[in-house]
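Q: need the 3D shape of this:
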Amino acid sequence: MIEKLYTTFLNSTGVCTDTRKLQSGNLFFALKGPSFDGNKFVSTALENGAIACVADSDEFSDNSHVFRVKDALQTLQELATFHRMHHKIPVLALTGSNGKTTTKELISAVLNKKYNTLFTQGNLNNHIGVPLTLLRLNHTHEFAVIEMGANHQNEIAALCQIAMPDMGMITNIGKAHLEGFGGIEGVIKGKTEMYDYLKSNNGIIFCRYENDILKGKCDGYKNLIYYGTAAAKHVYGEMINSQPFLRIKWYKDGQFQNEIQTHLTGEYNLENLMAAICIGSHFGVEPALIKDAIENYSPDNQRSQIINKGSNTIILDAYNANPTSMEAALNNFEENYEGKKALILGEMLELGEDSAKEHQRIIDIISHIDKDLLILVGKNFLNTTLQETALRFVTSDDAKDYLSKHPLKNTSILVKGSRGSKMEKVLESL
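A: Numbers count the residues shown, from 1 in each chain. Just a heads-up that it's a prediction; the model follows:
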């Protein structure tokens, strides 16, 4: 059946899972979720011009335009793998607790200087997003960069089976999704499932030299390429300055290559930059083109963005947050910004039984940072103990209302929190 479905896919204008976004000629997959059932929209999809539909309801057993399958999601994944096998191009997979999206975008920008590169759009990095990304592959693509996200063990392993990467990297291991992974050891086990897949298939592993956890998991593996900030074996870099944006210089095999002025804030982005430089260099992208790609990259996705609004400088890092990334953002803010300063922080989610402890630890870090205003948003911050004045709000809407009545001026402002906190809302009042 997969061969027949694949023929239909090749004759389609692409895959769609939402009839509101369906275009004429799309192949519609009727996926199910906690609050929706795509099977209810099959008729709508056909009426709106779908070439065919894939459904797992008996209601469509006699419809010649519907592929009746046992599980529509599993079929989507199988079709994606089948399609990937027909494209003999390098596929790089990457995951990590922090920085994977920024790293993915940097790698793709660099590789695009030499190869037509397909890469994950937005946050389509899960069991649905990875197949949808693979199904965008066409004959013009020469490289693919696939981001993989997970919040439970065995998810990265499953995504690797779908995408069949030839190479991969883990940006880092941090305190993210502790509830789902079952603690930090679970995070390590879950993320390094990528290494397990690559080792069993003789794939290339790109590994940060200074990360002892990841380095230990690669120990003894021969198809390994290091990058980092020390004199690693292949590519390494150094920070020249970080205010307001990172400026770095990098070396390959001990030889200086060039300096790069980025539009990224935060010293923690140095490792992400070096990953992109290492991979680009390994695949023959010339140093001048690497420099051009990175110097022309500007984040616009609420990740380490610097926004000048009126007399204020806003560091917006509100796409997500966990204890590791929150600490890094706070340290960067403390070290690189002077004058009047404000912290507007949202709670960190999916921490499970570690939530109270990790929120208090962040509060303890905050207590040592000079600031003129501290705003904490979310129920997880309400019960923390702070030996100084803080404004606490349950929602970002509440914080926004306060700031609209008490506007800030001539202030450097860090705005950070988990996606569920919706901290970007406070921008309307800054």
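
Q: tell me which residues of stretch 189-199 are tucked away?
A: Lys189, Gly190, Lys191, Thr192, Glu193, Met194, Tyr195, Tyr197, Leu198, Lys199 (16 or more other CB atoms under 10 Å). C-beta coordinates here come from the backbone N, C-alpha and C atoms, glycine included.

Q: the last one contacts Asp219, doesn't it?
A: No. Taking contact to mean CB atoms under 8 Å, the distance of 11.3 Å between Lys199 and Asp219 leaves them out of contact.

Q: quick check: neighbours shared by those two?
A: With CB atoms under 8 Å, 6 or more residues apart in numbering applied, the contact sets of Lys199 and Asp219 do not overlap.

Q: follow-up on the earlier one: nearest to Thr324 among the buried residues of stretch 189-199?
A: Lys191 (12.6 Å; CB to CB).

Q: spatially, what comes nearest to the closest one if we skip its sequence neighbours?
A: Spatial nearest neighbour of Lys191, chain neighbours left out: Ile170 (5.3 Å); criterion: CB to CB, 6 or more residues apart in numbering.

Q: angles on the backbone of that neighbour, please.
A: phi -110, psi 120 (degrees, to the nearest 10).

Q: what's the spacing between it and Asn98?
A: Plainly put, Ile170 is 11 Å away from Asn98 if you go by CB to CB, to the nearest Å.

Q: so where is this structure shaky, pLDDT-wise?
A: 176, 178-180, 232, 301-302 (pLDDT under 70).

Q: list the contacts of the residue nearest to the spatial centre of it.
A: In the chain, the residue lying closest to the centroid (CA atoms, centre = their mean) is Thr101, at 3.0 Å. For Thr101, the contacting residues are Asn123, Asn125, Glu147, Asn301, Arg303, Tyr319, by CB under 8 Å, 6+ apart.

Q: what's the spacing between it and Leu386?
A: The separation that Thr101 has from Leu386, given CB to CB, amounts to 31 Å.

Q: just the buried subset of the contacts of Thr101, written out for PyMOL, thanks.
A: Selection of the buried residues among the contacts of Thr101 in PyMOL, burial being defined by 16+ other CB under 10 Å:
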select buried, resi 125+147+303+319
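
Q: and which of the contacts of Thr101 is nearest to Ala276?
A: Proximity of the contacts of Thr101 to Ala276 was ranked by CB to CB; the top entry is Glu147 with 13.2 Å.

Q: quick one, domains of the protein?
A: Per the record, the chain has its domains at 2-70, 87-295, 305-429, by automatic domain parsing.

Q: wait, a helix at Val42?
A: Yes. According to DSSP: H, G, I helix; E, B strand; the rest coil, Val42 belongs to a helix.

Q: element containing the nearest residue to it once chain neighbours are set aside, please.
A: Distances taken as CB to CB, 6+ apart put Cys53 closest to Val42, at 4.7 Å, once the chain neighbours are dropped. Here Cys53 sits within strand 52-55, counting by DSSP states H and E.

Q: quick one: buried residues of that strand?
A: Ala52, Cys53, Val54, Ala55.

Q: quick one: strands adjacent to that strand?
A: strand 27-29 (parallel), strand 66-68 (parallel) (DSSP bridges).

Q: could you pull out the helices for the stretch 1-150 of the chain?
A: 2-10, 42-47, 72-85, 100-111, 129-134 (DSSP state H, counting those that start in this stretch).

Q: go through these and pick out the most buried.
A: Of all the helices of the stretch 1-150 of the chain, helix 100-111 carries the top mean neighbour count, a mean of 25, counting by mean count of other CB atoms under 10 Å.

Q: bridging residues for Leu224?
A: Beta-bridge partners for Leu224, by DSSP bridges, are Ile205.

Q: wait, doesn't it sit right on Lys215?
A: No. Taking CB under 8 Å as the definition, Leu224 is not a contact partner of Lys215, at 9.4 Å.

Q: if I look at Leu289, how far off is His263?
A: From Leu289 to His263 the distance is 17 Å (CB to CB).

Q: what do you get for Ala356?
A: 37 Å.

Q: more neighbours, these two?
A: Between Ala356 and His263, counting by other CB atoms under 10 Å, His263 is the more crowded of the two (17 against 12).

Q: narrow the contacts of Thr101 to those in strands?
A: If you go by DSSP state E, the contacts of Thr101 have Glu147 in strands.

Q: which one of the contacts of Thr101 is nearest to Val394?
A: Of those, the one sitting nearest to Val394 (CB to CB) turns out to be Tyr319, at 21.1 Å.

Q: please look at that closest one and Arg303 and confirm they touch.
A: Yes. Here Tyr319 reaches Arg303: they are 5.0 Å apart, a contact under CB under 8 Å.
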